[in-house]
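K.L.:
this is a predicted model, with the sequence first.
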Amino acid sequence: MPAVFGQADPRNARAVVEALHVAAQHCLDGTFDGLVTGPVHKATINEGGIPYTGTTELLAQQAGCDVVMMLANPTVRVALATTHLPLRAVPAAITRDGIERTLRILHRALHRDLGIAHPRISVLGLNPHAGEDGHLGREEIDTITPVLDQLRAQGMSLDGPLPADTAFLPAKLQDTDAVLAMYHDQGLPVLKFSGFEQAVNLTLGLPYPRVAVDHGTALSIAGRGIADPSSLFAAVDTCARMALAKAAA
Ligand SMILES: N[C@H](C(=O)O)[C@H](O)COP(=O)(O)O
C-alpha cells in the first residue's frame, strides 16, 4: 500500500518484515558488510498478523544464534539480560544459563568488535538494593551471583550484582565499559536521558554488525521535516567502523 506520513498501515507489515529478512540474508551471505535499521512500529507489524517483538529477536532467529541487545552513547553502554517482554515475565526469564550466555556474548563483543582489551562489566541486580541480602528478593543470590563467581574464576572482570539506582553514578561509570541491566526499562531510560541523540542500538552476537537508531517511529512528527537524524548518522558511522574492524581482523 502507498505509505502515508504518520499513518502506519498494517497492510504494509509483510513488506517491512520482508525487507528486514532480505537485508539480513544479504549480510549472512556476505553481500553486505553490515545492517543499519531505522525504527519499526512493532504494534503495526503485529496488527498485520505477524508475531513480532523486535528486530533484534527477528535477526537472531534468522541467523540462528543467541544475541544481546546493547545501546550505547558516548557516556555509557547498556546491555540487556532480557529484551521485549512484559515486566511480569521478567523474573522467570532471568536464568543462570541466560545470564551466562549474555555475559559471554557481551564480553566477546566488547573485546573483539569494539577493541576493548580487558572489558569491565557492571552487572545490575533485579531487585531494589540488589535484593538487600535476600530480604528484598532472591534472584541476586540464587541466579546472578553464582554466574558472576563462575565467570570471574574464568578471568572476566565483573562487578555486581549492583543496586541499579546507584550503578550509573558518574564515578561508577568511570570504572566500567558496559552495564548489564536485567530488563529493558531498568537500563535504557538512563542511557537515553544521558544522550538520546547520539545513542545507537547494537545487536551483539550476530555474524555481522547490526546497528539501529535508539528511537521509535515518532508518527506524530512524520513528514514535517523536523525529526533529528543524529541517531541515524551515529548508527551508520558505528556500523561502518565495525564492518571495517571486522574486515581488518
Ligand atoms: N529496545 C530498543 C529501544 O528502546 O531503543 C528498540 O526498541 C529495539 O528495537 P529493535 O531491536 O526492534 O530494533
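P.N.:
Structure's in. What do you need?
K.L.:
which of the three states applies to the residue positioned nearest the centre of the chain?
P.N.:
The centroid of the chain falls nearest to M69 when counting by Cα atoms, centre = their mean (2.0 Å). Secondary structure, DSSP: H, G, I helix; E, B strand; the rest coil: M69 is strand.
K.L.:
quick one: residues contacting it.
P.N.:
By Cβ atoms under 8 Å, 6 or more residues apart in numbering, the contact list for M69 reads T56, A79, L80, T83, N201, L202, T203, L204. The way it works is simple: take the backbone N, C-alpha and C, and place the C-beta from them, glycine included.
K.L.:
need the pLDDT of it.
P.N.:
Per-residue pLDDT puts M69 at 98.
K.L.:
try K246
P.N.:
So K246 comes in at 89 (pLDDT).
K.L.:
please apply the same query to D149.
P.N.:
98.
K.L.:
picking that back up, just the ones in helices from the contacts of M69, please.
P.N.:
Among these, the ones falling in helices (DSSP state H) are T56.
K.L.:
from the contacts of M69, pick the one nearest the ligand.
P.N.:
T56 (3.2 Å; Cβ to the nearest ligand atom).
K.L.:
to what extent is D175 buried, counted in neighbours?
P.N.:
10 (other Cβ atoms under 10 Å).
K.L.:
relative to L151, how far out is it?
P.N.:
According to Cβ to Cβ, to the nearest Å, D175 stands 18 Å off from L151.
K.L.:
how far away is P229 from K246?
P.N.:
25 Å.
K.L.:
contact partners for L202?
P.N.:
Listed by Cβ under 8 Å, 6+ apart, the contact set of L202 reads M69, M70, L71, A72, A109, P209, R210, V211, A212, T238.
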